[in-house]
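Engineer: Below are the sequence and a predicted model for it; my questions follow.
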Amino acid sequence: MPILGALYLTPLDAAMQRRQRAGSLVGYVRYMDDFVLLARTRWQLRRAIAEVHAVIAPLGLRLHPGKRYIGRLGAPGSGRGFDFLGYRFERGRRLRPSRESLRRLRERARRLHEHGGDDERLRLYAERWWVWIHAGPGEGRASMRPRDSELAIARERA
């Protein structure tokens, strides 16, 4: 089923890639039904959001109002950024795990320990998490450098 979901949003991919080629978006990355748009100006971002709505409405979808971030990325080190797919994005900073990712790591390790997981099992869990978090979000990583734009929208679950 996840593959069908990914294919279902290909019209959105095409529309946002056209915007990127035209220079009205700095970046667009989608993983399943989560996506991020980066634009240089608020107006470019508003037009892209309007197009997102126009593309997904005929598919019977809508954006979840509580699962988005729209705003300026602050100066490097300001702490203003957004979380996406377990990573924290901030202008001029390297990707790092989001607070929620770290919280889940601690929670799952604690649960594993409470259920009798030995030191080796805990070590393997932490090691696998370390490998996952350092693998990064894939090819889109280079095209999603937040320092390249002033505004961002992080949208989760269309």
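Structural biologist: Cool, got the structure. Bear in mind the structure is a predicted one, so any value in this text is a computation, not a measurement.
Engineer: For the residue nearest to residue 17 when sequence neighbours are not counted, which three-state class applies?
Structural biologist: Leaving aside its sequence neighbours, residue 17 sits nearest to residue 28 (CB to CB, 6 or more residues apart in numbering; 6.7 Å). Quick note: C-beta positions are derived from backbone N, CA and C, even for glycine. Following DSSP: H, G, I helix; E, B strand; the rest coil, residue 28 is assigned to strand.
Engineer: thinking residue 28 is in contact with residue 20, fair?
Structural biologist: Yes. At 5.7 Å, residue 28 counts as touching residue 20 under the criterion of CB atoms under 8 Å.
Engineer: Could you check how far the residue nearest to residue 17 is from residue 16?
Structural biologist: Distance from residue 28 to residue 16, counting by CB to CB, to the nearest Å: 4 Å.
Engineer: Pull up the overlap in contacts between the two.
Structural biologist: Counting by CB atoms under 8 Å, 6 or more residues apart in numbering, the shared contacts of residue 28 and residue 16 are 35, 37.
Engineer: Find the centremost residue of this protein, please.
Structural biologist: Centroid-nearest residue in the chain: residue 84, 2.8 Å away (criterion: CA atoms, centre = their mean).
Engineer: ok, it to residue 120 distance?
Structural biologist: According to CB to CB, residue 84 and residue 120 sit 33 Å apart.
Engineer: still on that earlier bit, my guess is the residue nearest to the centre of the chain meets residue 30, correct?
Structural biologist: No. Between residue 84 and residue 30 there is no contact under CB under 8 Å: 10.6 Å.
Engineer: just to revisit the earlier point, how many neighbouring residues does the residue nearest to residue 17 have?
Structural biologist: When counting by other CB atoms under 10 Å, one arrives at 23 neighbours for residue 28.
Engineer: The one 3 residues further on too?
Structural biologist: By the measure other CB under 10 Å, the count of residues near residue 31 is 14.
Engineer: Backbone torsions only: list them for it.
Structural biologist: The phi/psi pair for residue 31 (degrees, to the nearest 10) reads phi -130, psi 110.
Engineer: looking at this protein, which helix or strand is least sure?
Structural biologist: Lowest on mean pLDDT, DSSP states H and E among the helices and strands of the chain sits helix 140-143, with a mean of 42.
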